[in-house]
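S.K.: have a look at this prediction, sequence included:
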Amino acid sequence: MRRIMLLLLLPLILSAAKVDYLRWESGMTYLSFLSKNDLPSRPLYWNLDREDQILTEEIYSGVGYQILRDENSTIEQVLIPISDELQLHVYKDNNNSYKFEAIPVIYVTKHLSFTTTIQSNPSSAIYKATHSKRAMSAFISGFRKSINFSLHVQKDDPIVMIYDQKYRFGKPFSMPRLQLAKIRLHGKWHGIYLGADERYYDAKGHEVEGFLLGNPVKGARISSGFTRRRWHPVLHKYRAHLGIDYAAPRGTPIHAAGAGTIIELRRSRSYGNLTKIRHADGYMTLYAHQKKFRAGMRRGKRVKKGEVIGYVGTTGLSSGPHLHFGLYKHNRAINPRSVIQVTTKKLKGAKRKQFQEIVKRYDKEAEAILAENRQIDRESDFDTVCYVKHDKFDTQGEGDAAVRK
Ligand SMILES: [Zn+2]
């Protein structure tokens, strides 16, 4: 596979194609990006169907994207990631006309584990061991509710972590998927464990996260769930629904899912009347298609959990009254159901039994990590990723890019 991909690259290398690695400027919209780069908006936006148009709204400022140009500096391809799984691909086809599609992001996942001891505080110890601010933040936010590190940490207290990290272009991207984090304080181990339901628990099966309201629209029915990436067999294209839709009558109040600060309040073409709220620990929630905002809501305003912020409507690209509710962690869309607060915060019965097995398995691995003083191997021969010609895409599988060592 790799060899084939490499061969496909040759025409590009020979034709002196050039790749620009860029960061999406704050305030730039997909449409303004097209016009700035003299790309035609009719085939690349106006002729797209609603789902594709909505995906262009998911581009976030600061995301790394790439433009491939030919020897005359004409744009051949553009790749803009919109989530962990999908990226927007603008390209010139064999007839020299521009096309748009959503294609999978190529990444490799590394399973990482290590132990370290604290010199001054957990953050710097983890950063020193991993060189990853993301790993550091995953650890700190996991214990946020249960431990006050500034009060209890002593020098030489040990830490153990097990997590998966995605890499793209040889660099970590997106948040690590933490499986185990342990720390020993005053001789006693504290741990958080990833359960089979992808939620976090302490060793006794008490949930440690879960800060969002169960339902931002009371009594509403979920009309469409969260899908990170789905291949549509009839349309022959990738689809994603990066949020949950709650169907409810026009005018039904919308409640802030958690306490936070309003960072956006505007009319968007795709999402209609749109509110974004920033919460603690890198979380953000999005409320789209509102009929209207509640009076007094504005950017910079702090809201309480459960406070009414607006009313259900069908503004923007919407087929009927509903709330599109999105949850993002460090700008990446995640399934809101993973951090929705549940009423039963403790595992019971068969679920508890199953969880105890998970705890046993991770604790055993943690012992091994401690015994061998395992460190993260930071060899630098990570994969590099390049483009291939569009007509060589394998749309069902690996999509856009060639991965080679
Ligand atoms: Zn939706």
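M.R.: Thanks, I have the structure now.
S.K.: tell me the contacts of the closest residue to residue 140 other than its chain neighbours?
M.R.: For residue 140, ignoring the flanking residues on the chain, the nearest one in space by C-beta to C-beta, 6 or more residues apart in numbering is residue 123 at 6.1 Å. Every C-beta, even on glycine, is put in place using the N, C-alpha and C of the backbone. By C-beta atoms under 8 Å, 6 or more residues apart in numbering, the contact set of residue 123 is 136, 139-140.
S.K.: now residue 123: which helix or strand?
M.R.: Using DSSP states H and E, residue 123 falls within helix 122-130.
S.K.: packing partners of the very next helix or strand once past that helix?
M.R.: Downstream of helix 122-130, the first helix or strand assigned by DSSP H and E is helix 133-143. Where contact means 3 or more C-beta pairs under 8 Å, 6 or more residues apart in numbering; DSSP states H and E, helix 133-143 is packed against helix 122-130, strand 158-168, strand 171-185, strand 188-194.
S.K.: worst average pLDDT in these?
M.R.: Mean pLDDT is lowest for strand 171-185 out of the helices and strands packed on helix 133-143, coming in at a mean of 89.
S.K.: would you say residue 54 is within a strand?
M.R.: No - counting by DSSP: H, G, I helix; E, B strand; the rest coil, residue 54 is not part of a strand but helix.
S.K.: can you count the residues close to it?
M.R.: Neighbour count for residue 54, taken as other C-beta atoms under 10 Å: 23.
S.K.: got it, and residue 220?
M.R.: 20.
S.K.: same deal with residue 63?
M.R.: Residues lying near residue 63 (other C-beta under 10 Å) number 17.
S.K.: correct me if wrong: it contacts residue 331.
M.R.: Yes - assessed by C-beta atoms under 8 Å, residue 63 is found in contact with residue 331 at 7.3 Å.
S.K.: tell me which residues touch the residue of the stretch 301-405 of the chain at minimum distance from the ion, please.
M.R.: Nearest to the ion in the stretch 301-405 of the chain, going by C-beta to the ion, is residue 324, at a distance of 3.4 Å. Contact analysis of residue 324 by C-beta under 8 Å, 6+ apart lists 243-245, 271, 286-289, 318.
S.K.: what do you get if the cut-off is 10 Å, keeping everything else the same?
M.R.: Contact partners of residue 324, counting by C-beta atoms under 10 Å, 6 or more residues apart in numbering, are 54, 223-224, 241-246, 270-272, 274, 286-290, 316-318.
S.K.: out of the residues you listed, which end up buried?
M.R.: 54, 241-246, 270-272, 274, 286-290, 316-318 (16 or more other C-beta atoms under 10 Å).
S.K.: is whatever residue of the stretch 101-250 of the chain ends up closest to the ion bridged to anything, and to what?
M.R.: Nearest residue of the stretch 101-250 of the chain to the ion: residue 245, at 4.1 Å (C-beta to the ion). Taking DSSP bridges as the rule, residue 245 bridges to residue 224, residue 324.
S.K.: residue 223 is in contact with that one, correct?
M.R.: Yes - the criterion here is C-beta atoms under 10 Å, and residue 245 meets it with residue 223 at 4.6 Å.
S.K.: joint contacts of those two?
M.R.: With C-beta under 10 Å, 6+ apart, residue 245 and residue 223 have common neighbours 319-320, 322-324.
S.K.: pull the CA atoms of stretch 324-331 into PDB?
M.R.: Presented in PDB, the C-alpha positions along stretch 324-331 are these (Å, rounded to 0.1, in the frame of the first residue of the first chain):
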ATOM      1  CA  HIS A 324     -28.900  21.400  17.000                       C
ATOM      2  CA  PHE A 325     -26.700  21.000  20.100                       C
ATOM      3  CA  GLY A 326     -23.000  20.600  19.600                       C
ATOM      4  CA  LEU A 327     -20.300  19.900  22.200                       C
ATOM      5  CA  TYR A 328     -16.600  20.500  21.500                       C
ATOM      6  CA  LYS A 329     -13.500  19.800  23.500                       C
ATOM      7  CA  HIS A 330     -10.500  22.000  22.400                       C
ATOM      8  CA  ASN A 331     -12.500  22.800  19.300                       C
END
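S.K.: just the buried residues of that stretch, please?
M.R.: The neighbour-count criterion (16+ other C-beta under 10 Å) identifies 324-329, 331 as the buried residues of stretch 324-331.
S.K.: again with stretch 340-356
M.R.: Neighbour-count burial for stretch 340-356 flags 340, 347, 355 (criterion: 16+ other C-beta under 10 Å).
S.K.: just the ones of those residues in helices?
M.R.: Among the buried residues of stretch 340-356, the ones falling in helices (DSSP state H) are residue 355.
S.K.: which residues touch the residue nearest the centre of the chain?
M.R.: Compute the mean C-alpha point of the chain, and by C-alpha atoms, centre = their mean the closest residue is residue 332, 2.4 Å away. Residue 332 is in contact with 58, 60, 63, 81-85, 173-175, 228, 242, 282, 284, counting by C-beta under 10 Å, 6+ apart.
S.K.: which of those residues fall in strands?
M.R.: 81, 173-175, 228, 284 (DSSP state E).
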